[in-house]
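Participant: This is a predicted model, with the sequence first.
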Amino acid sequence: MMSFPLMIFVLGLGAWFGLPTVLRPLEKAASWLGANLNEVPGYVDAKHVFTGLKTDDWIALDEGSWFYMPSLYPAASFSQAMETLQTQDVLIKGIPEVENVLGKIGRVDSALDPAPAAMVETYVMLKPRDQWREEMTERKIWDEINAVATLPGVTPASPLQPIEGRVVMLQSGIKASMAVRIYGNDLKGLGQAAEAVAEQLKKHHLVNAGTVNPDVVMGKPYYEFDVDRDEAARYGMSTMMVNQIVSAGLGGVDVTTTVEGRERYPIQVRYVRNVRDRLDELHRAPVVTHTGDIVPLERLAHVSTTWGPGAINSEDSRLVAHVMFSPSGAAGDLETVDSVMQSLREARENGTLKFPDGNFELQAVGSFQNQIEANRRLLWIVPAVILINLLLHYLHFRNFPISLVVFAGIPFAAAGGMIAVAVMGVEMNTAMWVGFIALFGIAADDGIVMATYMREVLSRRTIRSVEDIRNAIYDAGLKRIRPCVMTTITTMAALVPVLMSTGRGADVARAMALPVFGGMLVEPFTTFIVPTLYCAYVEFKMRAGLSDEYWGSEEEETATNKLPGAMPSAA
């Protein structure tokens, strides 16, 4: 009677941890006896049916759009960035599943939006699913977007949706689901370290090499003016005066404001475009000094070109650079991050990964940190829910062994939930564990109904032998199978619309409902588990000669028979 539930329980453990892991002790025991289970035909294929559940940081809501957010190299000018943006919009709009494309470059005049001019943000709105090509999925559409829009000089982009991307950027400051953050003391060393880490990540089997995107730290060209103080002093000019002339001539200076109705526009004065665009002759630009002389700019300052940072990022009072990437999908997010960080540590130890001189530290960041934080809470929430269930069972029966008998149905129902999650390919996340918490609360309902009625039947009947116990439990179980099955069917029928839903947020709802549905599908077998364990417990007490409320002790029975007018008990 217990063989099938035990098989379900083992399969549930295999669905969670992987059958190769669960069956490893059995294989070792067989090897001690001189047998190799892997040589049994079909055994290897059977144990790889369930390889274990992957972990996911969250279930991304289907927003019906993609957020394409690559970057141009810092050396790109604003006109080049605008041209690239317009070209990408046209190419993305040519994909049949795309309805609208809206590209943005630059940022508003706010310190809360530190987006550089080379950072592209393109919102790609998709058509309804019934207008897609056959066998087309969201991920295939993203791959096609990345393929057509990755132009020369454009960095790869990781798959993100608009809301999802904003949450990740606010939380970690990156444009991908995960990244390696490098702490350093100087910008040049950070750039070299980021390139070294990127090369190492591209070789990792759990990383999508096409999405590895290191920060180009020292990739911005700079035109530097080193003021000649002595020469400037001959013309009555200070260093500040020379710098103001250079700043006004190249960048412009607001001299007044024009008012047109309710609109106001600043009026700038600067060098004409033909002077500003010819950088090789900029050092010859004429400058009117305070003495009235007109001299070339090179007489007041030494002009040179150099490379510098496009942006300076810091965290915890230290300079940082990021190497963004996306997982290949061969493992879950948490497993991918752990493997990546372990491989980077080993590469630093064996000398494969070399950093410049200095103190460099590596840290994994990304949206997976949500799951790590949730797991820490679930480590005490799930056991607390299980203990509360056991406490409620005890308060109902006032008998700890019987409470354990009823509680035994919960692990088998949880095993069914794990099997359902593994069959449907859902990754482990917070929504899934919320479904299991709900399952723990309703999985023991049939067991409580069954055990309560068995207790009543045993109390009403005269128990003199093991055969009386079995007959009473058998009769009680027959009368409670129908209500238990009806309750289970109504619960499963209520979950069918949730499992078949396809609207916004349906992915999260399905992840919560699937463990409950799978657990309730297996839960009717607890109508066999509870009677079997209940009967075994009561039989053990009778065979051991222990007293019980159903028959009492031998001394009590003898004293009852000796009372005046007492009838002898029937055999």
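Facilitator: Received it, and whenever you're ready, just let me know what you need.

Participant: quick one: the strands in the chain?
Facilitator: All strands of the chain, identified by DSSP state E, fall at 65-68, 98-105, 120-126, 178-184, 213-214, 220-227, 253-260, 263-269, 286-288, 294-296, 301-308, 313-315, 318-325, 361-366.

Participant: how about a markdown table for those strands, with mean pLDDT added?
Facilitator: Supplementary listing: those in a markdown table, determined by pLDDT from 0 to 100:
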| stretch | mean pLDDT |
| --- | --- |
| strand 65-68 | 91 |
| strand 98-105 | 90 |
| strand 120-126 | 91 |
| strand 178-184 | 92 |
| strand 213-214 | 88 |
| strand 220-227 | 86 |
| strand 253-260 | 88 |
| strand 263-269 | 88 |
| strand 286-288 | 84 |
| strand 294-296 | 87 |
| strand 301-308 | 86 |
| strand 313-315 | 87 |
| strand 318-325 | 91 |
| strand 361-366 | 90 |
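
Participant: With distance to residue 483 and mean neighbour count as new columns, can these be given to me in JSON lines?
Facilitator: (Each C-beta comes from the backbone N, C-alpha and C, glycine too.) Putting these into JSON lines (distance: least, CB to CB, whole Å; neighbours: other CB atoms under 10 Å) gives the following:
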{"stretch": "strand 65-68", "distance to residue 483": "48", "mean neighbour count": "23"}
{"stretch": "strand 98-105", "distance to residue 483": "52", "mean neighbour count": "16"}
{"stretch": "strand 120-126", "distance to residue 483": "48", "mean neighbour count": "20"}
{"stretch": "strand 178-184", "distance to residue 483": "50", "mean neighbour count": "25"}
{"stretch": "strand 213-214", "distance to residue 483": "60", "mean neighbour count": "24"}
{"stretch": "strand 220-227", "distance to residue 483": "74", "mean neighbour count": "14"}
{"stretch": "strand 253-260", "distance to residue 483": "80", "mean neighbour count": "9"}
{"stretch": "strand 263-269", "distance to residue 483": "76", "mean neighbour count": "10"}
{"stretch": "strand 286-288", "distance to residue 483": "97", "mean neighbour count": "14"}
{"stretch": "strand 294-296", "distance to residue 483": "99", "mean neighbour count": "12"}
{"stretch": "strand 301-308", "distance to residue 483": "77", "mean neighbour count": "14"}
{"stretch": "strand 313-315", "distance to residue 483": "60", "mean neighbour count": "13"}
{"stretch": "strand 318-325", "distance to residue 483": "55", "mean neighbour count": "24"}
{"stretch": "strand 361-366", "distance to residue 483": "49", "mean neighbour count": "18"}
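
Participant: Can I get the ones you listed in JSON lines including distance to residue 346?
Facilitator: Shown next, in JSON lines, are those (distance: least, CB to CB, whole Å):
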{"stretch": "strand 65-68", "distance to residue 346": "34"}
{"stretch": "strand 98-105", "distance to residue 346": "40"}
{"stretch": "strand 120-126", "distance to residue 346": "36"}
{"stretch": "strand 178-184", "distance to residue 346": "14"}
{"stretch": "strand 213-214", "distance to residue 346": "20"}
{"stretch": "strand 220-227", "distance to residue 346": "34"}
{"stretch": "strand 253-260", "distance to residue 346": "55"}
{"stretch": "strand 263-269", "distance to residue 346": "56"}
{"stretch": "strand 286-288", "distance to residue 346": "58"}
{"stretch": "strand 294-296", "distance to residue 346": "58"}
{"stretch": "strand 301-308", "distance to residue 346": "33"}
{"stretch": "strand 313-315", "distance to residue 346": "25"}
{"stretch": "strand 318-325", "distance to residue 346": "17"}
{"stretch": "strand 361-366", "distance to residue 346": "12"}
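
Participant: Can you report how many residues neighbour residue 193?
Facilitator: Neighbour count of residue 193, defined by other CB atoms under 10 Å: 26.

Participant: What's the separation between it and residue 465?
Facilitator: Residue 193 sits 80 Å away from residue 465, going by CB to CB, to the nearest Å.

Participant: got it, and residue 137?
Facilitator: 65 Å.

Participant: Let me see the contact set for residue 538.
Facilitator: By CB atoms under 8 Å, 6 or more residues apart in numbering, the contact list for residue 538 reads 458, 469, 473, 548, 550.

Participant: And the closest residue to residue 159 other than its chain neighbours, what's its pLDDT?
Facilitator: Excluding the flanking residues, the one nearest residue 159 by CB to CB, 6 or more residues apart in numbering is residue 142, at 4.8 Å. Here, the pLDDT recorded for residue 142 equals 90.

Participant: same check, this time on the one 5 residues further on
Facilitator: Looking at residue 147, its pLDDT stands at 88.

Participant: okay, now it: neighbour count?
Facilitator: Residues near residue 147, counting by other CB under 10 Å, number 11.

Participant: Give me the distance between it and residue 129.
Facilitator: When distance is defined by CB to CB, residue 147 is 21 Å away from residue 129.

Participant: do residue 340 as well
Facilitator: According to CB to CB, residue 340 stands 34 Å off from residue 129.

Participant: between those two, which one's more packed in?
Facilitator: Each of residue 340 and residue 129 has its neighbours counted (other CB under 10 Å); residue 340 has more, 23 against 13.

Participant: give me every residue that touches the residue nearest to the more buried one when sequence neighbours are not counted.
Facilitator: Of all residues not flanking residue 340 in the chain, residue 204 sits nearest, at 5.9 Å (CB to CB, 6+ apart). Contact analysis of residue 204 by CB under 8 Å, 6+ apart lists 339, 340, 343.

Participant: Can you pull the phi/psi pair for the nearest residue to the last one once chain neighbours are set aside?
Facilitator: Leaving out its chain neighbours, the residue that sits closest to residue 343 by CB to CB, 6+ apart is residue 204, at 5.9 Å. Listed backbone geometry of residue 204 is phi -80, psi 140, with angles given as degrees, to the nearest 10.
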